[in-house]
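Asker: below are the sequence and a predicted model; questions follow.
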Amino acid sequence: MPAPGVHEAEHDITVAAPASAVYRLIADVEQWPRIFPPTIHVDREELDAGRERIRIWATANGEAKHWTSRRTLDPEGLRIEFRQEVSTAPVAAMGGAWVVESLGPGRSRVRLLHDYRAVDDDPEGLRWIDEAVDRNSRAELAALKENVENAHAAEAWTFSFSDTVRTTGSAKDMYDFIDEAQLWSERLPHVASVQLARQPSGLQVLKMETRAKDGSTHLTESYRVCLPFERIAYKQTTLPALMSLHTGLWTFAEDGAEVVATSRHTVVLRTENITEVLGPDAGVAEAREYVRGALSANSRATLGHAGDYARARRR
């Protein structure tokens, strides 16, 4: 029986994949922004064998939230238990487990268990948590099923790449230039308009209209997680037609008198839109080249202007 004020929920799904493969995907939290729609960014810290601390930024009921959890991994039992260390209101406490059960060769059942309390046992807070747990659990399990079952096919549609610059200046100044995205329409020629809203725990909501080489513009919306003065991670929630997922990471590090800044992208193509956007003869290879070229051009331009800013600040 749960303790007074503690509520429990269970969701499950059947997956056409071996239980061990499903477990590995759940265990690899650094892949969660790619796999689970609500997840924006995850930081992982190994504590000791089988135990880790993770910081998660994710959306719940359309709101961006942040929390810290500890996880205990049991690869033999195919079970991962989690407990929030630091929760965000209206959540007072939350924990649970991922449990993977084999249903025979190539089939498994995934159970997602939650237990939680609302701050002051507030009924409105509890209703909010009930809805968030139900919505996110269903979304995570459906995304897990899709990603596991389509893993091999999706390899051709998923790719990562990065652009790096070295310049004089400080990592902090380079970081500040990327962090201060509200100024990008004044600082970056390829940005037509921008709106930036800052939230607690380093979260930002960035809406931006970007110019393409042909003069056209497209609107994107992203959640960003800013970790001064080393990293800014982001996940786009409003995407161009050729992408079903786009996550990115800006990193900044000093190397002697120079600063090394890198922009890394991970993309999943929306294959059903390729011929509509690029023409009847285009395929995955052409779409990869087109998307990489467009994203890389913007990244290099942004890094170049950030470098100019850092050098000017040093002078």
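Answerer: Arrived safely.

Asker: can you list the low-confidence ranges for the stretch 101-250 of the chain?
Answerer: In the predicted model, the stretch 101-250 of the chain carries pLDDT under 70 at residues 152-153.

Asker: so where do the strands sit in it?
Answerer: 108-118, 158-168, 191-198, 203-211, 217-227, 231-238, 243-255 (DSSP state E, counting those that start in this stretch).

Asker: mind putting these into CSV with mean neighbour count?
Answerer: No exception for glycine: its C-beta is placed from N, CA and C like everyone else's. As requested, the strands of the stretch 101-250 of the chain are arranged in CSV below (neighbours: other Cβ atoms under 10 Å):
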stretch, mean neighbour count
strand 108-118, 20
strand 158-168, 15
strand 191-198, 15
strand 203-211, 18
strand 217-227, 18
strand 231-238, 20
strand 243-255, 18
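
Asker: and the chain, what are its domains?
Answerer: Under the assignment automatic domain parsing, the domains of the chain span 7-152, 156-314.

Asker: coming back round to it: now tabulate the strands of the stretch 101-250 of the chain in CSV and tack on distance to residue 143.
Answerer: Formatted as CSV, those follow (distance: least, Cβ to Cβ, whole Å):
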stretch, distance to residue 143
strand 108-118, 11
strand 158-168, 14
strand 191-198, 26
strand 203-211, 21
strand 217-227, 17
strand 231-238, 13
strand 243-255, 10
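
Asker: for these, which one sits closest to residue 135?
Answerer: Shortest separation from residue 135 across those is recorded for strand 108-118, at 12.2 Å, computed as Cβ to Cβ.

Asker: parallel or antiparallel, list what pairs with the closest one.
Answerer: Strand 108-118 has the following sheet partners, assigned by DSSP bridges: strand 7-15 (antiparallel), strand 91-102 (antiparallel).

Asker: average pLDDT for the first one?
Answerer: Averaged across strand 7-15, the pLDDT comes to 97.

Asker: who touches it?
Answerer: Residues lying outside strand 7-15 but in contact with it, judged by Cβ atoms under 8 Å, 6 or more residues apart in numbering, are 2, 22, 103, 107-117, 126, 129-130, 133-134, 137-138, 141-142, 144-145, 148-149.

Asker: helix or strand next in line after it, which one?
Answerer: Beyond strand 7-15 in the direction of the C-terminus, DSSP states H and E gives the next helix or strand as helix 19-27.

Asker: for that next one, packing partners?
Answerer: If you count contacts as 3 or more Cβ pairs under 8 Å, 6 or more residues apart in numbering; DSSP states H and E, helix 19-27 packs onto strand 79-86, strand 91-102, strand 108-118, helix 123-149.

Asker: format these as JSON lines; extra columns: distance to residue 288.
Answerer: Output for these, formatted as JSON lines (distance: least, Cβ to Cβ, whole Å):
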{"stretch": "strand 79-86", "distance to residue 288": "33"}
{"stretch": "strand 91-102", "distance to residue 288": "33"}
{"stretch": "strand 108-118", "distance to residue 288": "31"}
{"stretch": "helix 123-149", "distance to residue 288": "19"}
